[in-house]
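**Student:** next input, structure requested:
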Amino acid sequence: MMKMSLVTDALGHLPFEDMLDTVAGLGFEAIELGCGGWSKAPFVALDALLDSRAARDRFMEALARRGLEISALNCSGEQLAPNAKGEAHQLVVEKTYRLAELLGVKTIVMMSGCPGGNKTDTTVNWVTSNFFPEHQAMLDYQWNDVFFPYWEKTARLAKDCGIDKVALENHHYNLVYNPQTMQKMRAVIDPVVGMNFDPSHHMWMGGDPIAALRAYGKDLIHYMHAKDVRIERGIADAQTLIDTQWMFDPAPRAWNYVALGHGHDVQWWKEFYSVARYIGYEGTVSLEMEDLSMDPLTGVKKSLATLKAALPRSFD
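**Tutor:** Presented below is the predicted three-dimensional model:
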C-alpha cells in the first residue's frame, strides 16, 4: 500500500515525544530513525537502547501509543573510509544491526560505502570518470579487494540478525549509485542487500528517475525515499551539475535538495509513483526533507501535501 514514513532527522530539534506527536498528527504511519554515522541520531541512543530492555520497551511503547511503527533504522555513513571515521561508522553499523534484531526491525537503510583508491589511501576516493588506466586500477581495488568482501560479510550479519532488507541509498560518494552499479553488486552479494531508491540523487546526476525505476525493477528496490531536487536555472546552464560548492550555502549552487513538489511538480510525482506501482513496488515511501529555504516543519508539511496527492492510494 506504500505506507508513508518520515526520516525523523528533519524534526531533530524537537524532543522525542513531541516529534512522535507531530509525526502522528500529520498522518504518517511510520518513522525512519537515524542511528549515527552521518546522522546526529537525535532520537536513538544506541548504547542505552542496546544495554537496557526497559529502555527499549519504553521506546517502542511510545510509538505504539501513537499508532506508529519503525519502517527502518538508518546507519548511513562512511564505513569503508580508510581512516578513523570509517572505523567509527562501522561500529555504528554493527550496533544498528544488533538494535534492529532486538527491536524486531526488518529493514536497514545505509550507504554502500566507498574505500580509498588503494591500500595506502587515508581518504575516500570516489571515481567518477574512468579516463586513465590508474582509474580502472582504483575501481578494481575498491570493488574486488574491499567492497565485495565487506558486503559478503555484512549480508551474513544482516541475516544472522533477522534483517530482511538492507537498502543501500543511491547516493553520490558511494560505489553503488545507479542501476548498473547495483546490478554489479547484486551479481555477487546476497539479495538481502538491495536499493533504497532516492530519486533526488538520480535527478542531480542527470538521470531520469522514472527510467531508473524500470531499470531497477521490483527485485532490486527494497525501500524508497521521497526527496526532490531543483536544478537552479541560469546557474546549472553555465556551470554544469558538477558542483563542489558547499552544500549548506544553496544560493550559488547549480542544484539543491528541495521540498517535494518544489523541483518537480505533483504531476511528475504522480507518474513516478504510478510507475513504481507498475513494477510491483508496494513498500514504504519515506519522506526526507532537506530544503534550506524553509524551516523543517514547513518543509515536511509542504512535502507531505505533494506526497499524498501523488501516491496511488486512499487516505480516507
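**Student:** from here on, just use CA atoms for contacts and neighbour counts.
**Tutor:** Fine.
**Student:** who touches C75 in this structure?
**Tutor:** C75 is in contact with 34-39, 92-93, 96, 108-111, counting by CA atoms under 8 Å, 6 or more residues apart in numbering.
**Student:** tell me the one of those residues nearest N125?
**Tutor:** Comparing those against N125 with CA to CA places M111 closest, at 14.9 Å.
**Student:** am I right that the closest one is in contact with H172?
**Tutor:** No - if you go by CA atoms under 8 Å, M111 and H172 don't touch, sitting 9.5 Å apart.
**Student:** looking at the two, which has the bigger crowd around it?
**Tutor:** Per other CA atoms under 10 Å, whichever of M111 and H172 has more neighbours is M111, with 27 against 18.
**Student:** distance of that one relative to W38?
**Tutor:** 10 Å (CA to CA, to the nearest Å).
**Student:** what touches both of the two?
**Tutor:** 75-77.
**Student:** could you pull out the helices for the stretch 51-200 of the chain?
**Tutor:** Ranges of helices in the stretch 51-200 of the chain, per DSSP state H, counting those that start in this stretch, are 53-65, 84-103, 133-140, 148-160, 179-186, 199-204.
**Student:** out of those helices, which is the most enclosed?
**Tutor:** helix 199-204 (a mean of 22; mean count of other CA atoms under 10 Å).
**Student:** show the subsequent helix or strand relative to that one.
**Tutor:** helix 209-220 (DSSP states H and E).
**Student:** give me the buried positions along that next one.
**Tutor:** Under the neighbour-count criterion of 16 or more other CA atoms under 10 Å, helix 209-220 has 209-210, 212-213, 216, 218, 220 buried.
**Student:** and the gap between the residue positioned nearest the centre of the chain and G194?
**Tutor:** Taking CA atoms, centre = their mean, the centroid of the chain lies closest to E169, which sits 4.3 Å from it. In this view, E169 and G194 are 9 Å apart by CA to CA.
**Student:** got it, and N178?
**Tutor:** Distance from N178 to G194, by CA to CA: 12 Å.
**Student:** who has more neighbours, these two?
**Tutor:** Set side by side, N178 and G194 show more neighbours around G194, with 25 against 22, by other CA under 10 Å.
**Student:** neighbours around V275, how many?
**Tutor:** Other residues close to V275 by other CA under 10 Å number 16.
**Student:** tell me the contacts of Q136?
**Tutor:** Applying CA under 8 Å, 6+ apart to Q136 gives the contacts N130.
**Student:** quick check, nearest of the contacts of C75 to W269?
**Tutor:** V109 (22.3 Å).
**Student:** quick check: the closest one vs G37, distance?
**Tutor:** For V109, the distance to G37 - CA to CA - is 12 Å.
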